[in-house]
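*Asks:* Everything below, folded, please.
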Amino acid sequence: MITLKSDREIKGMQAAGDIMVGLFHALSDYIKPGITTWDVDHFAYEYITAHDATPGELNFEGYKYSTCVSVNDMICHGCPSKDILVKDGDLLKVDTVINYHGYLSDSCHAFVAGTATPEVQKLMDVTLKALYLGIDQAVVGNRIGDIGWAIQNYAENEMGYGVVREYIGHGIGPTMHEKPDVPHYGEAGHGTRLKAGMTITIEPMVNIGDWRSGETADDGWTVRTLDGSLSCQYEHTLVVTNDGPKILSSYDHDFDAKYLLK
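*Replies:* Predicted coordinates:
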């Protein structure tokens, strides 16, 4: 079932998104070589709870952590661990959900510990651009397929990278996963038609090499690229409005000026 959100619900999701953004800015200073991915998760838990919110991922379907911290060739769902030591140049994707008094925000941001190689920086740039090309299609009257086609056409056809198929965006609201599904690939003009008040996540995972993922790790969660190539992800929660898509988890208000709620 697809629910259209009220102004009150959208404001609540924006408040959750504001906490998310504060966390990511804090992590941009915290993440550096020598820490572990468990340290990242513990930092996030302390930050979230200190801001009168709860980590939406903690205990979700048995998941034991507040964040997913996926390093280098990990596509998504990376389980934080004291055994994963962050090295200079590592690419970390931190994905989490903020639950603020029942209102949710779901976002992922990519960080580099230390100095990014040109290969990593290009992958980050391509993935971020792909996300925004998808967001630009989230307008009233368009269809879900328009979002996926814009992402896939750029990342694969123009840049020669691979867009992960197995893991997709989704509707979000009182529960973490609602309809509609939001694939990051597809055919323009197909799928659910977008309406004002729909809140969705767009969260492309882009691999330098093959788009396919390997088998899930023994921890039951962590997913890596099939060929061992680097993978990157960015994600925003947004609302479809009559004035265009509005991002509820903006990391950079200057860059996102046209996507912000007035």
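*Asks:* Need the mean per-residue confidence for stretch 137-150.
*Replies:* Averaged across stretch 137-150, pLDDT comes to 98.
*Asks:* Which of the residues in that stretch are classified as buried?
*Replies:* 137-140, 142-150 (16 or more other CB atoms under 10 Å). For every residue, glycine as well, the C-beta is placed using N, CA and C.
*Asks:* Then stretch 2-14?
*Replies:* Result for stretch 2-14 [16+ other CB under 10 Å]: buried residues Lys5, Glu9, Ile10, Gly12, Met13, Gln14.
*Asks:* and the fifth one, what does it touch?
*Replies:* Spelled out, it's Met13. Lys5, Tyr103, Leu104, Ser105, Ile172, Gly173, Thr199, Thr237, Val239, Leu248 (CB atoms under 8 Å, 6 or more residues apart in numbering).
*Asks:* tell me the SS of it?
*Replies:* helix (DSSP: H, G, I helix; E, B strand; the rest coil).
*Asks:* rewinding a little: would TSV of the contacts of Met13 with secondary structure, pLDDT and distance to Ser231 be doable?
*Replies:* Below are the contacts of Met13 laid out as TSV (DSSP: H, G, I helix; E, B strand; the rest coil; pLDDT from 0 to 100; distance: CB to CB, whole Å):
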residue	secondary structure	pLDDT	distance to Ser231
Lys5	coil	97	31
Tyr103	strand	97	30
Leu104	strand	98	25
Ser105	strand	98	23
Ile172	coil	97	22
Gly173	coil	88	28
Thr199	strand	98	26
Thr237	strand	98	21
Val239	strand	98	28
Leu248	coil	98	25
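*Asks:* What sits closest to Gly197 if chain neighbours are left out?
*Replies:* Leu4 (3.2 Å; CB to CB, 6 or more residues apart in numbering).
*Asks:* separation between that neighbour and Glu187?
*Replies:* Distance from Leu4 to Glu187, counting by CB to CB, to the nearest Å: 25 Å.
*Asks:* what do you get for His51?
*Replies:* Distance from His51 to Glu187, by CB to CB: 41 Å.
*Asks:* same question, Gly162
*Replies:* 18 Å.
*Asks:* Of the two, give the one with the bigger neighbour count.
*Replies:* A count of neighbours by other CB atoms under 10 Å puts Gly162 above the other of Gly162 and Glu187, at 23 against 12.
*Asks:* how about the nearest residue to Gln137 once chain neighbours are set aside, secondary structure?
*Replies:* Nearest residue to Gln137, sequence neighbours excluded (CB to CB, 6+ apart): Asp146, at 4.2 Å. Three-state assignment for Asp146 (three-state DSSP): helix.
*Asks:* show me what contacts the residue nearest to Gly197?
*Replies:* Lys195, Ala196, Gly197, Met198.
*Asks:* Tell me which residue lies nearest the centroid of this protein.
*Replies:* Nearest to the centroid of the C-alpha atoms of the chain, with distances taken as CA atoms, centre = their mean, sits Glu235, at 2.5 Å.
*Asks:* what sits against that residue?
*Replies:* Asp95, Asp106, Ser107, Cys108, His109, Leu131, Gly169, Thr201, Ile202, Glu203, Pro204, Ser249.
*Asks:* Angles on the backbone of it, please.
*Replies:* phi -150, psi 140 (degrees, to the nearest 10).
*Asks:* Tell me how far it lies from Ser70.
*Replies:* 12 Å.
*Asks:* rewinding a little: take the buried residues of stretch 2-14 and write them to TSV, including distance to Leu260.
*Replies:* Formatted as TSV, the buried residues of stretch 2-14 follow (distance: CB to CB, whole Å):
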residue	distance to Leu260
Lys5	17
Glu9	17
Ile10	12
Gly12	16
Met13	14
Gln14	9
